[in-house]
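# Just to be clear, the model below is a prediction. Sequence and coordinates:
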Amino acid sequence: MNRFFVSETDIDTDAKRVTITGGDAHHIKDVLRLKVGEEISVCIPGDAQEREFRCAVSSFEGESVVCELRFIKKSAAELPVKVTLYQGTPKSDKMEMIIQKCVELGIHSIVPVDCIRCVSRIDGKKADSKTARWQAISEAAAKQSKRGIVPEIVKPMSFDEALSDATGKDVILLPYEMAIEEGSAMDETRRILSGIKPGQSVAVFIGPEGGFDDKEVAKAKEAGARIITLGDRILRTETAGMTVMAWIGYLFG
């Protein structure tokens, strides 16, 4: 079943009517060629109640698609924890894949971070256009994976800004190749991850291609970050965040 995102004003629950406009209306009419009576799913980005509105196409009015609201249910697609990925900005188009796959895996929001060892840096003049493009990728991935929200892609931050932003989260995780000083790194990682509770917010810091600088790791520890390992193999930056998301999804899915 196809999923679309609309604003709250597009849904009239009393009249049991949902109106879809813009690019999604074009997609329904001219690309998918849906017929009257065919069902679709509609959600409101950022809806605190995480509702899914099940509708059926009822008519085509000009540039709009009008649907009959059949029933409302809570979306089952969202994790019970809200994970924010603070991603060291990678080279080329790797960020697009990171966004796409992490949205599929249930991320709540993503923050590109300018780290010491970043090879690629986003020019301030290009930040708005880059963020808009990444947000569009997030929306497309959210539709494809039947998410109840469109994860927000935040404008790029410096490492210090990102760390300050993350201090409001319940848990801060930072995978690091020199992970744990004492005991088994993987056992400690399992213990930390299993301690995350439903309803909590989680920050995950992933370094760029060159990894985190020791100064950044020290700052993160001072801010309360829990240092974890992703195993004996060194993962690429575009793989690391997905791995953490897959583990969290397994724990809560």
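Noted; the coordinates are in hand.
# what's near enough to touch residue 37?
The contact partners of residue 37, taken as Cβ atoms under 8 Å, 6 or more residues apart in numbering, are 56-57. (Glycine included, C-beta is placed from N, CA and C.)
# now do the one 5 residues further on
Contacts were defined as Cβ under 8 Å, 6+ apart; by that measure residue 42 touches 3-6, 11, 18, 20, 52-55, 67.
# buried set for the helix or strand hosting residue 41?
With the criterion set as DSSP states H and E, the secondary-structure element containing residue 41 is strand 39-43. For strand 39-43, the neighbour count (16 or more other Cβ atoms under 10 Å) marks 40-43 as buried.
# mean confidence for that strand?
The predicted model assigns strand 39-43 a mean pLDDT of 93.
# Describe which strands that strand pairs with in its sheet and in which direction.
strand 3-5 (parallel), strand 51-61 (antiparallel) (DSSP bridges).
# Please render the contacts of residue 42 as a markdown table that adds neighbour count to the earlier fields.
Converted to a markdown table, those look like this (neighbours: other Cβ atoms under 10 Å):
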| residue | neighbour count |
| --- | --- |
| 3 | 19 |
| 4 | 22 |
| 5 | 20 |
| 6 | 20 |
| 11 | 20 |
| 18 | 25 |
| 20 | 24 |
| 52 | 19 |
| 53 | 23 |
| 54 | 17 |
| 55 | 25 |
| 67 | 29 |
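# quick revisit: kindly present the buried residues of strand 39-43 as JSON lines, with separate columns for distance to residue 239.
Output for the buried residues of strand 39-43, formatted as JSON lines (distance: Cβ to Cβ, whole Å):
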{"residue": "40", "distance to residue 239": "34"}
{"residue": "41", "distance to residue 239": "31"}
{"residue": "42", "distance to residue 239": "33"}
{"residue": "43", "distance to residue 239": "29"}
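# Dihedrals phi and psi, residue 47?
The main-chain torsion angles of residue 47 are listed as degrees, to the nearest 10 and equal phi -60, psi 120.
# and it, what is it in contact with?
By Cβ under 8 Å, 6+ apart, the contact set of residue 47 is 8, 148-149.
# which residues of the stretch 51-200 of the chain fall in strands?
51-61, 64-74, 82-88, 109-114, 152-153, 157-158, 171-175 (DSSP state E, counting those that start in this stretch).
# Between those strands, which one is closest to residue 217.
The closest of the strands of the stretch 51-200 of the chain to residue 217 is strand 171-175. By Cβ to Cβ, the value is 6.9 Å.
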